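>>> any chance you can model this:
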Amino acid sequence: MGTTDDLRAVIEAIPTRTLAAKLRPLMPAIELRLQSGVHLREIGDALNQSAALDTNVKLATLKNYLQRYRSRQRAGGRQHVLPASEAARAHPPAPPAAAPPIAVTPSMLRELRNKKIDLESYMQIGRSMAKKKGT
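Here you go, the predicted structure:
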């Protein structure tokens with residue numbers, strides 16, 4: 001059992017080589033900052049100033065990785081775990097569900113088409129409302 005843990009530690013100690021692999025765990029935090037109004041260029045500058053990446057991140061590359069991350073999120077790809085405080089900000093409560101659409105049948109359309117509309121009564125209602133607003 002100790003051998004497996006030792007091997008796991010050795011594997012985890014191998015440094016990440018690709019920029020994508022280094023940025024992948026940061027994407028949820030980057031997405032949160034973008035939603036709060038920070039520009040992507042500012043995030044890129046901050047990443048470039050950090051010595052942790054050991055490389056410069058071009059803005060176009062960062063945009064590309066962000067686009068890939070978003071498409072994976074839409075497709076239900078790998079989810080990164082956010083701390084509870086960030087997760088609450090990242091996923092606001094869902095809006096209430098919209099009412100189901102009304103089914104319109106051909107007979108309903110026929111009835112509406114054949115309905116007689118008394119335009120005079122609507123004009124009188126409109127005039128009386130205009131008088132009330134004017135006074």
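
>>> going forward, measure contacts between C-alpha atoms and count neighbours the same way
Noted.

>>> how many neighbours does the nearest residue to K63 once chain neighbours are set aside have?
Nearest residue to K63, sequence neighbours excluded (Cα to Cα, 6 or more residues apart in numbering): L40, at 7.9 Å. A count of neighbours around L40, defined by other Cα atoms under 10 Å, yields 17.

>>> my guess is L40 meets M27, correct?
No - counting by Cα atoms under 8 Å, L40 stays clear of M27, with 11.8 Å between them.

>>> looking at this structure, which helix or strand is least sure?
helix 84-90 (a mean of 53; mean pLDDT, DSSP states H and E).

>>> list the buried residues in the helix or strand following that helix.
Proceeding N to C from helix 84-90, the next assigned helix or strand is helix 106-114, under DSSP states H and E. Judged by neighbour count using 16 or more other Cα atoms under 10 Å, helix 106-114 contains no buried positions.

>>> quick check: next helix or strand after helix 106-114?
Counting by DSSP H and E, the element after helix 106-114 in chain order, helix or strand, is helix 119-134.

>>> from the chain's centroid, how far away is that next one?
Remark: helix 119-134 is offset 46 Å from the chain centroid, using Cα atoms, centre = their mean, to the nearest Å.

>>> dump that helix to PDB, restricted to CA.
Provided in PDB are the C-alpha atoms of helix 119-134 (Å, rounded to 0.1, in the frame of the first residue of the first chain):
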ATOM      1  CA  LEU A 119     -63.900  49.800 -33.300                       C
ATOM      2  CA  GLU A 120     -66.300  52.600 -32.100                       C
ATOM      3  CA  SER A 121     -66.400  51.300 -28.600                       C
ATOM      4  CA  TYR A 122     -62.600  51.000 -28.500                       C
ATOM      5  CA  MET A 123     -62.300  54.600 -29.800                       C
ATOM      6  CA  GLN A 124     -64.600  55.900 -27.000                       C
ATOM      7  CA  ILE A 125     -62.700  54.000 -24.400                       C
ATOM      8  CA  GLY A 126     -59.500  55.500 -25.700                       C
ATOM      9  CA  ARG A 127     -60.900  59.100 -25.700                       C
ATOM     10  CA  SER A 128     -62.200  58.800 -22.200                       C
ATOM     11  CA  MET A 129     -58.800  57.500 -21.000                       C
ATOM     12  CA  ALA A 130     -57.100  60.400 -22.800                       C
ATOM     13  CA  LYS A 131     -59.500  62.900 -21.100                       C
ATOM     14  CA  LYS A 132     -58.700  61.400 -17.700                       C
ATOM     15  CA  LYS A 133     -54.900  61.800 -18.300                       C
ATOM     16  CA  GLY A 134     -55.300  65.300 -19.500                       C
END
